[in-house]
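**Student:** Just the structure for this:
(3 chains)
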Amino acid sequence: MIAYEWVVWLILLFPLAAFVLIGVLGRYLPEGGGHVAVGAMAGSFVLSLYVFIQVLQQGGLGGAFTPQTIEGFVWIPSLLPENSIKISLLIDNLSALMLVLVSFLCLLIFIYSLGYMHEEEGKPRYYAEVSLFATGMLGTVSADNFLQLLIFWEIMGLCSYLLIGFWYRKPEAAAAAKKAFLVTRIGDVLFLVGVLVIWNVFATLSFGEIQRKMASLYPGTLTPQLLTLIPLLLFGGAVGKSAQFPLHAWLPDAMEGPTTVSALIHAATMVKAGVYLTARAFIFLVPLSSAVEPPFTAILVIAAIGGFTTLFAATMAVVNFDIKRVLAFSTISQLAYMFLGLGAGAYIMATDVSRGEAVDSAGYSAALYHLFNHAFFKALLFLGAGSVIHAVNTNDMREMGGLSKPLPVTSKVMLFGALALAGIVPFSGFFSKGEILSVTFDAGSLNSGFYLLWALGVGTAFLTAFYTFRLWFMTFRGEYRGHQHPHESPPVMTVPLMILAGFTLVSGLLAYPMQGFGNLVFFQRPEAAFPLLGVPFQHLLLEGVSMGVAVLGLALAWAVYATKRVPAERFTASRGGAFIHRMLTKRYWIDDAYDAFGRTVVYGTARALDWFDRRVIDGIVNGVGRAGVVVATGTDRFDRQVIDGAVNAISLETVRTSLRLRQRQTGQVQSYAWVVVLGIVVVIALMFGLSFLQRWWSGLGR
Amino acid sequence: MTYILSLLILIPLVGAVVAWFVGTSQRLAKLIALGVSLIETTLATLLLVGFINPGWAVFFGAPTTTPPPTPGAYVPLYYMERYSGWSQFGFNYIVGVDGLSVPLIWLTTLLTTLAIVFHWDEENRPRAFFGLFLFLEMTLVGVFMSLDLLLFAVFWELVIIPMFFLIGIWGGPNRRYAALKFLIFTQTGFVIMLLSIFALYFNSAGVNAAVYGTNANTLDMTAFLHGALRHETGTLATYLTVGLQIPIFAAFLVGFLVKLPSFPFHTWLPDAHVEAPTGGSVLLAGVLLKMGGYGIFRINLGILPDATKNLWWVLAVLGTVSMVYAAFVCLAQVDLKRLIAYSSIGHMGFVLLGASSLTVIGVQGGIFQLFNHGIITAILFMLAGSVKHATGTRDIPELQGLAKVMPQFSFVLAIGFFASLGLPGLNSFWSEFMVFVGAYGSPNLGEMRRLIIIPLISIVVTAAYYVYTMQRILFGEVPEKLGHSHDLLPWERVSYVVLVALVFLVGFLPFLFLGMINTYTAGSFPWLGGL
Amino acid sequence: MIPLQYELLLSAMLLCIGLYGVLARRNGIIVLMSIEIILNASILNFVAFSSYSGDASGQVFALLGIAVAAAEAAVGLAVFLGIYQTHGTIELDKIRFLKW
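**Tutor:** Numbers count the residues shown, from 1 in each chain, chains lettered A, B, ... in the order given. Take a look at the predicted model:
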């Protein structure tokens, strides 16, 4: 148990308070509130370190820390207290490590921002938004249940939107922000469906509770289909957030934001949230008890998407000239490595569980190890790129070159980063990438599809080294092709760079005292395979292969871009080559396909339904209205002509009849006398006639 | 203060009369109106606070658990006043509140105050204008409080009158058509509802006898509510039969669907909103629409549970169609206010979906959505008013780059839009999430659970149109003619601050309102499944 | 004794002659005279029935009738005199004072 567990809340509250403070008072603070942001992050970092050290101490080096849940107030109440949803934080090995990683990187990047954003306007907005983002990321990695993860996840999405569109006057930035938000929203909806299904099946969203309930609910409520569906839905969210195929299109465009934002959000932290979520989804992928059949299909999907995306993105990085976009594609590719590692590792672990063997969590820890290392060297590369952009005022590498003299520190640290990314020993990237590829190869013995994925991974390693050093050589070697006066960045920017560069060397070795990175992040089992110590010969061979292709890639880049012995045009000279080049530059036309889909299908449906609403439905309403008017007019006419007409006709006829009748008054006596005589005659006739009739009638009766 | 409920109805009525007829100056009318509405809001806040924590209800006594005689059946937070002077005619004056109506009443009073503040510079016949607002407030509060069907019907009808005039006199260029459309639509729905009220009246003797011991026809809603509850918990054998409940349910539903509004009775809303003055839109969207939702929960679910169990799918289908349809239509809109109007239609679809889920959490979500949407839509319509005032247009193609010239406005717009699309951390997320959880977990769906993906499409499309609109009107370069637009006026700022603070507060601490809603739902509807 | 029928026939013939005179003659005096003839016919009828039945009331009515006839003739003549003096004619076609 952590002593003083309320400090964990403070880890989240410091950047949140900074957000509020800078948001309200930012205008009056020096540097737009940047110092406040840095201070808050420093506080969070110190506290995270405290928590992490406690976790290590209590778990024991090589041991396991019992996950601890810290509960807060209720969000959604329910009559049964155990069903109410509360805000609560989880402290276990993984979350403690992530807290330290995130707060440290945020701290370094915030310090760097003090220099990078110094001349920008809108600084309060920037610092407020990144502070909120830090809250979101810290909340994501410390969440105890999937709902809370989702909540902070989306807060990060909001900050990503706001920060990509930071220079909102640029239409490209605004469009990129919109694209990022919408594409990740699709992933978020899948995540949300996953949460709904989890709630429906387990009646709880907490990681620990789910793990405990899983065996009892299987296979009744938790059918095998649902067990496959749930992690896939969660992975859907991860695909969106971590920019994997097919929801990858937003990340390259997201480079429109400031470089510090790209470093922090789109390289070091937010995009890692998808990997983190998938790691948490291991409770579904690798069930604790052997009575539950693991969802191998879901695992394969994760690994396959990872394996495919890694090569897919790397190919697009090769042809890009924007320094930040190359790094963006590289990020997608490296994230895919992590998913590949998670998938392969899960496959092995799941197989172990289903066979009742001891679980070997090598893949799990390898992927997270790569996450850890990648955060450092990618942030380094991005911040270095920021330094370069700051110096030459352009992103386009074609206008750079020969910058190693005016920017000595930057070029050296970026070299470190490049070597780490390419996976050259003894930099950290070598160990983690090699480990992932080894695990993938091992998984091949269980399912030969993994051999294909391993091949994709190796190919990617080649391309990674190639495009990384293409970037480095184009930027720092040769003659300067631009027209600016580049100079080195101020220390507030270069010191964080150097710190990060140091980490690219040692972050791998950090795991030594703990007997393996697996101990830091363990899942179900403390130890994991440790690189290079007690590793079977096969693994050494594999690591040699991965390093070998990396060196090949470096050599090719050297040949093409540094020494110009092989002209770049040779690759695009042939028709096939040119076509491939165009396809890669156009990003396989996927972006265009999405745009077209949005414009035609989505917008078209919108326009159609709007027309329907206006013309058809409202038309019916208005038609009913008009019909009402017609009926009313008809009724009025009926009333006036028919009914009133009858009334008038009666009076008219009466008058006419009286007119005719009075003409009988002739005034002549003799006519009157005639009438009298006639009357007498009629009366007599009637009298006689009636009596005659009567006699005839009674005569008949006899 | 045991007459707080009747006071809540009386004060705005008196205020309306005073504001309208006393004095000739605009200033005086404004001040009177503001003063009265502030008093009303304070009273409503006291009521609300009493429901959040009964220990704080010092001024008017704690909420009571009221009749009927049989104990243990219906114990929500329930506070009632009854005057039975006219019961020989079959109707009484009964007002009462519980966890369903208190948030809505509070919302009504708050929005009226803010609407009055927002129109602080109204020049056109201000006395009548503000007087009508207060009158509208009275009728709205009356609807939410009435527990006698006749009283309910009377207040329901009365709501239409001030709204009609507000639209028809102070509205936009096409106001006559819009006001008339609103009137006729709502009136038609009401007349259909009236049939149900009659049907209930003539079948009420048995229920009345079982609950209150008087064997006479009555329009007392509480008799039906208690009767339904006891029937569902098994203590009352015979209640209204299903065959009787279903047509009553249908007729009431038609009236409420028109008000909600739901597809296909929704076409009055875009016109009414586009033409109404801003304060009128705020109250129209913020509160009048909630009448429909309130009616569904209070009457359709409360009095007619068996029919609900049979006809839930109607609500589900209409809710889903409303959500998806309205989202798509929003995307094609050009007038900002019309876009917001359609988004209201979509969000009310959530309420229907929540009500149809027949789970505690789903129904809670639906009720909470009523409240949340009221706040958010008030912000959005005020924004439409602000932008019209500042730039002279509401046309989205003509607006661009406003983030540069109107930063405060842009900030509020961003918050309003993100709140409306259900971003976690803001209030609407909770209600939408609860509705989805409830709908997915509904005990009535078997394999059809997968259909949940259809309303989820609306989430993506909603995000699309909001973000797209933000991109178009906030970002980019500022065109010439908008260069001199002023930012928010001081009184607009006051309204926004209150509402935005509320958005964050409810987003962060939803249990403040969910507590009473949960008590109401769990207490009144024991027949709901799920958690 | 004279059979009653002959008496009645005479009466009837006189009635018809008188009726013809009333209806078809233009001159007012002739009309008056025709009225006298009708009255005479009815008086004759009375007498005939009285003598046939031996009842004396018939003769009484006959005497009454003669008196009435004389009075009526006098009045009628006086009226016609007055009409002749004011309008200069006693042609019945031309006397339409009660026309509508």
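
**Student:** residue ranges of the helices in the stretch 251-400 of chain A, please?
**Tutor:** A:259-263, A:272-280, A:282-285, A:296-318, A:323-355, A:362-392 (DSSP state H, counting those that start in this stretch).

**Student:** Rebuild these as TSV, extending it with distance to chain C and mean neighbour count.
**Tutor:** C-betas here are computed from N, CA, C, even on glycine. Converted to TSV, the helices of the stretch 251-400 of chain A look like this (distance: least, C-beta to the nearest C-beta, whole Å; neighbours: other C-beta atoms under 10 Å in any protein chain shown):
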stretch	distance to chain C	mean neighbour count
helix A:259-263	112	28
helix A:272-280	112	26
helix A:282-285	113	25
helix A:296-318	112	23
helix A:323-355	114	26
helix A:362-392	119	28
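
**Student:** Columns mean pLDDT on top of the ones you listed, output as a markdown table?
**Tutor:** Below are the helices of the stretch 251-400 of chain A laid out as a markdown table (pLDDT from 0 to 100):
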| stretch | mean pLDDT |
| --- | --- |
| helix A:259-263 | 90 |
| helix A:272-280 | 91 |
| helix A:282-285 | 86 |
| helix A:296-318 | 91 |
| helix A:323-355 | 89 |
| helix A:362-392 | 87 |
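
**Student:** Just put the ones you listed in TSV and tack on distance to B:Ile396.
**Tutor:** Below are the helices of the stretch 251-400 of chain A laid out as TSV (distance: least, C-beta to C-beta, whole Å):
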stretch	distance to B:Ile396
helix A:259-263	28
helix A:272-280	33
helix A:282-285	44
helix A:296-318	34
helix A:323-355	31
helix A:362-392	34
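
**Student:** Make TSV out of those helices and add distance to chain B.
**Tutor:** Putting these into TSV (distance: least, C-beta to the nearest C-beta, whole Å) gives the following:
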stretch	distance to chain B
helix A:259-263	16
helix A:272-280	14
helix A:282-285	18
helix A:296-318	17
helix A:323-355	20
helix A:362-392	22
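
**Student:** who wins for proximity to A:Leu99 among these?
**Tutor:** Checking the helices of the stretch 251-400 of chain A against A:Leu99 by C-beta to C-beta gives helix A:272-280 as the closest, at 11.3 Å.

**Student:** Run through the neighbouring helices and strands of the strand or helix carrying A:Gly679.
**Tutor:** Using DSSP states H and E, A:Gly679 sits within helix A:669-701. Where contact means 3 or more C-beta pairs under 8 Å, 6 or more residues apart in numbering or on different chains; DSSP states H and E, helix A:669-701 is packed against helix C:4-24.

**Student:** Name the residues of the helix holding A:Gly679 that are buried.
**Tutor:** Neighbour counts using 16 or more other C-beta atoms under 10 Å in any protein chain shown place A:670, A:673 of helix A:669-701 among the buried residues.

**Student:** what inclination does that helix have with respect to helix C:4-24?
**Tutor:** Computed by axes from the mean of the first three to the mean of the last three C-alpha atoms, to 10 degrees, the angle separating helix A:669-701 from helix C:4-24 equals 140 degrees.

**Student:** Nearest to B:Met434, out of the helices of the stretch 251-400 of chain A?
**Tutor:** Nearest of these (C-beta to C-beta): helix A:272-280, 22.1 Å.

**Student:** Output that closest one as CSV, nothing but the C-alphas.
**Tutor:** The C-alpha coordinates for helix A:272-280 follow below in CSV (Å, rounded to 0.1, in the frame of the first residue of the first chain):
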residue,chain,number,x,y,z
LYS,A,272,0.9,5.6,-26.7
ALA,A,273,-2.4,5.6,-25.0
GLY,A,274,-3.7,3.1,-27.6
VAL,A,275,-0.9,0.8,-26.7
TYR,A,276,-1.6,1.3,-23.0
LEU,A,277,-5.2,0.5,-23.6
THR,A,278,-4.4,-2.7,-25.5
ALA,A,279,-2.0,-3.6,-22.7
ARG,A,280,-4.9,-3.2,-20.3
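
**Student:** distance between it and the chain's centre?
**Tutor:** Averaging C-alpha positions (C-alpha atoms, centre = their mean, to the nearest Å) puts helix A:272-280 12 Å from its chain's average.

**Student:** ranges for the strands of chain A?
**Tutor:** For chain A, the strands defined by DSSP state E occupy A:68-76, A:85-91.

**Student:** I'd like to know which of those is closest to C:Gly54.
**Tutor:** The closest of these to C:Gly54 is strand A:68-76. By C-beta to C-beta, the value is 131.8 Å.

**Student:** other SSEs contacting that closest one?
**Tutor:** helix A:6-25, strand A:85-91, helix B:427-440, helix B:511-524.

**Student:** Just the residues contacting the longest one, thanks.
**Tutor:** Residues lying outside helix A:6-25 but in contact with it, judged by C-beta atoms under 8 Å, 6 or more residues apart in numbering or on different chains, are A:2, A:29, A:32-33, A:36-37, A:39-41, A:43-44, A:47-48, A:50-51, A:70, A:72, A:89, A:91, A:99, A:103, A:106, A:124, A:127-129, A:131-132, A:134-135, A:138-139, A:142.

**Student:** tell me the most buried of the strands of chain A?
**Tutor:** strand A:85-91 (a mean of 22; mean count of other C-beta atoms under 10 Å in any protein chain shown).
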